[in-house]
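Engineer: Fold the following and give me the result.
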Amino acid sequence: MSKFSVIAGSFPTGAGRFTIRNFTLPGDDNHYLCETVSAQQIDLISNRQSHYQPILEAEANAEALPKLSDKNQAIFLARLKDGRSFVAASDHATFHKILKALEQQTDVALEISSSAA
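Structural biologist: Model (predicted):
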């Protein structure tokens, strides 16, 4: 199980987890409930700043943005087939584990900048 942090998007901010088949995302503001999303529900995953920056500017609180400059973090956008999306931060090993799991699905668009590959 790998950890990441949801920082903006259709889900509340907070801790998330990834297994080879599922994303566990914060489900309510109190984080008592969570939502499990199958990896098969992911339509797009991208670490290109042009994809996630508009969501961060519109939704993330100003205090979280300076922390995103950490070179040890991978920031990525994940879009679900139902139209919801989230921007998350993880370490590079977790991001690559997510990519590897999603590469096995032929219908997921992987848009990865050269700095993360």
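Engineer: What residues of whatever helix or strand residue 8 lives in count as buried?
Structural biologist: Here residue 8, judged by DSSP states H and E, is contained in strand 2-9. Residues of strand 2-9 classed as buried by neighbour count (16 or more other Cβ atoms under 10 Å): 2, 4, 5, 6, 7, 8, 9. For every residue, glycine as well, the C-beta is placed using N, CA and C.
Engineer: now, which of the residues you listed sits nearest residue 53?
Structural biologist: Within the buried residues of strand 2-9, proximity to residue 53 (Cβ to Cβ) peaks at residue 8, which comes in at 10.1 Å.
Engineer: does that closest one really touch residue 55, like I thought?
Structural biologist: Yes. The criterion here is Cβ atoms under 8 Å, and residue 8 meets it with residue 55 at 5.0 Å.
Engineer: Beyond the strand holding residue 8, next helix or strand please.
Structural biologist: The helix or strand immediately downstream of strand 2-9 is strand 14-18, counting by DSSP H and E.
Engineer: Farthest pair within the buried residues of strand 2-9?
Structural biologist: 2 and 8 (19.5 Å).
Engineer: beta partners of the closest residue to residue 17 other than its chain neighbours?
Structural biologist: Sequence neighbours aside, residue 24 is the residue nearest to residue 17 in space, at 4.4 Å (criterion: Cβ to Cβ, 6 or more residues apart in numbering). Residue 24 forms beta bridges with residue 17, residue 36, as assigned by DSSP bridges.
Engineer: Now do the same contact list for residue 40.
Structural biologist: Contact analysis of residue 40 by Cβ atoms under 8 Å, 6 or more residues apart in numbering lists residue 105.
Engineer: secondary structure class for it?
Structural biologist: Each residue gets one of three states, and residue 40 gets helix by DSSP: H, G, I helix; E, B strand; the rest coil.
Engineer: Need the per-residue pLDDT for it.
Structural biologist: Per-residue pLDDT puts residue 40 at 90.
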